Structures are given as C-alpha cells and as structure tokens.
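S.K.: coordinates only, no sequence provided:
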C-alpha cells in the first residue's frame, strides 16, 4: 500500500496534512501520537471510512481508492482486518457465532464456515470457548474474538487501535505474541498505541504523528512522543 499526500478536514479543522507512507507485506508498524495527532484519522482514511480531500491511496495492485468501483472497494476492504476499540461484537451470540456471522454476511457457504471458524479460533487460543457467550468472557478473551473475526477473510493487513490499553502486562504480551505470529505469515500489522512498553520492547517500525503530520518514521524505533 502506498499513501501519498493525504489531506483531510473535519469542518474547518485540518486533521491530516500531506501525509505519506508506504506499507509492505511482513511489516509490523506502530502508529503513535497524542490525542488529536491524526493517527486515528489516518486509519479511517486507509479503510475508507473517511475520504481525504486530497492525496492518493494506492492498493498493492497500484489502483487508487478514489477510482475503485463499489465492488472493487468492497474487495479492498475485505483485504483489511479491522479490530475496533469497542470491538463491536454481538453480545447475544456465542464466540463461534460472532466469527461465523462475519462470514455469513459475505455469502460464504455453511460448509466453508463450518471448516474455517474452528481453524481461526484455534489460532487465537479460543477453540475451547467456542460456545461461550461474549458477556461471559474476560477482557483479553474478547480481544481474541475480535482478532479471530478480523482474520476470517484472510486479510493482507490487520489494523488495531489501542490493542493493549486495558490489559495487564501478561495478557498484553499474549495478545502481541498472537499478532507477531500473524505477522510471520506475511500479513502487515498496523497498531495505533500509547503503550510505550510494547513499542520499546519490540523495536519495530514506529511512525509518530503530531498536529496532523508524520513527524518521525523510524525502523527499529522507540516510543518518541
């Protein structure tokens, strides 16, 4: 993915200012910056929840998001696994049903759903909890359900805003270890975070936002805001 000169306004406020960045397969990237720095607006632009005023977002096939048809845009979005801060899980459904639902709405057959869901739940360590309802799960188990749902379409990119904010160090490490394993499979990982412990421990690529601009982009980086 290539992002060039993104500019975005909220009303009269310029929240992204000529932002450019490239992301490659196998990359693990932290997005850091204070509240209002632009990192969340950047994420929303990538997934096309917000449409920038200027700039281009090129897919791996070198197609510009502005020029995609509705069908092509849907296909593009399926290549990105999003894990929301509020998770957006269905409380009246079980773990298995939540993950299966993400496949059902996209028209997968019952046979494929039956095969794929246990495989994904096993990958995130939740197969034994497949029949548990969301409200009975711990916080870190809910996060694992969200990871499973994000993985169900075999996306090329996983994006997560604040993955470890409400977790103790042990469970935060377990979540990050799952993401590192996913990264080893060739998927690009983008994490927006305020957790300097994780950033400094992993020493991955770190992109820092401030006042709607990228002010630093370092490989083997540390938390620098």
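M.R.: Now that the structure is in, tell me what you want to look at. Note that the coordinates shown come from a computational prediction; the quantities given were computed from them, not determined experimentally. Numbers count the residues shown, from 1 in each chain.
S.K.: which residues in the chain form strands?
M.R.: 2-10, 13-22, 28-32, 54-58, 80-83, 157-161, 188-192, 205-210, 213-218 (DSSP state E).
S.K.: what pairs with the residue most central in space within the chain across the strands?
M.R.: Per C-alpha atoms, centre = their mean, the C-alpha nearest to the average position across the chain is that of residue 159, at 1.2 Å. According to DSSP bridges, the residues that bridge with residue 159 are residue 82, residue 190.
S.K.: just the pLDDT at it, thanks.
M.R.: Note on residue 159: pLDDT of 94.
S.K.: ok, now residue 96?
M.R.: Looking at residue 96, its pLDDT reads 96.
S.K.: ok so, going back, just list the residues touching the residue nearest to the centre of the chain, thanks.
M.R.: Under the criterion of C-beta atoms under 8 Å, 6 or more residues apart in numbering, the neighbours of residue 159 are 43, 46-47, 80-83, 190-192. Bear in mind the C-beta positions are built from the backbone N, C-alpha and C, glycine included.
S.K.: among those residues, which one sits closest to residue 29?
M.R.: Among the contacts of residue 159, residue 190 lies closest to residue 29 (C-beta to C-beta), at 5.2 Å.
S.K.: pLDDT value on the closest one, please?
M.R.: Reported pLDDT for residue 190: 96.
S.K.: residue 149 and residue 160, how far apart?
M.R.: 12 Å (C-beta to C-beta, to the nearest Å).
S.K.: what is the neighbour count of the closest residue to residue 79 other than its chain neighbours?
M.R.: Nearest in space to residue 79, with sequence neighbours left out and distances taken as C-beta to C-beta, 6 or more residues apart in numbering, is residue 156 at 4.6 Å. Counted by other C-beta atoms under 10 Å, the residues lying close to residue 156 total 18.
S.K.: from what I can see residue 156 touches residue 76, true?
M.R.: No. Look at residue 156 against residue 76 with C-beta atoms under 8 Å: they stay out of range, at 9.8 Å.
S.K.: contacting residues around residue 17?
M.R.: Applying C-beta under 8 Å, 6+ apart, the residues near residue 17 are 7, 38, 211-213.
S.K.: give me that answer again for 7 Å
M.R.: 7, 212-213 (C-beta atoms under 7 Å, 6 or more residues apart in numbering).
S.K.: can you check residue 146 too?
M.R.: Neighbour list for residue 146: 83, 87, 89 [criterion: C-beta under 7 Å, 6+ apart].
S.K.: do you know how far the last one is from residue 98?
M.R.: Read that as residue 89. When distance is defined by C-beta to C-beta, residue 89 is 5 Å away from residue 98.
S.K.: what of the second one?
M.R.: When C-beta to C-beta is applied, the distance between residue 87 and residue 98 equals 9 Å.
S.K.: more neighbours: which of the two?
M.R.: Counted by other C-beta under 10 Å, residue 87 and residue 98 do not tie: residue 98 has more neighbours, with 23 against 15.
S.K.: residues contacting that one?
M.R.: Contact analysis of residue 98 by C-beta under 7 Å, 6+ apart lists 89-90, 134, 145, 149.
S.K.: what do you get if the cut-off is 10 Å, keeping everything else the same?
M.R.: The contact partners of residue 98, by C-beta atoms under 10 Å, 6 or more residues apart in numbering, come to 87-92, 117, 133-134, 142, 145-146, 148-149.
S.K.: hmm, back to that, which pLDDT value belongs to the residue nearest to residue 79?
M.R.: Reported pLDDT for residue 156: 92.
S.K.: and if you look at residue 223?
M.R.: pLDDT recorded at residue 223 is 94.
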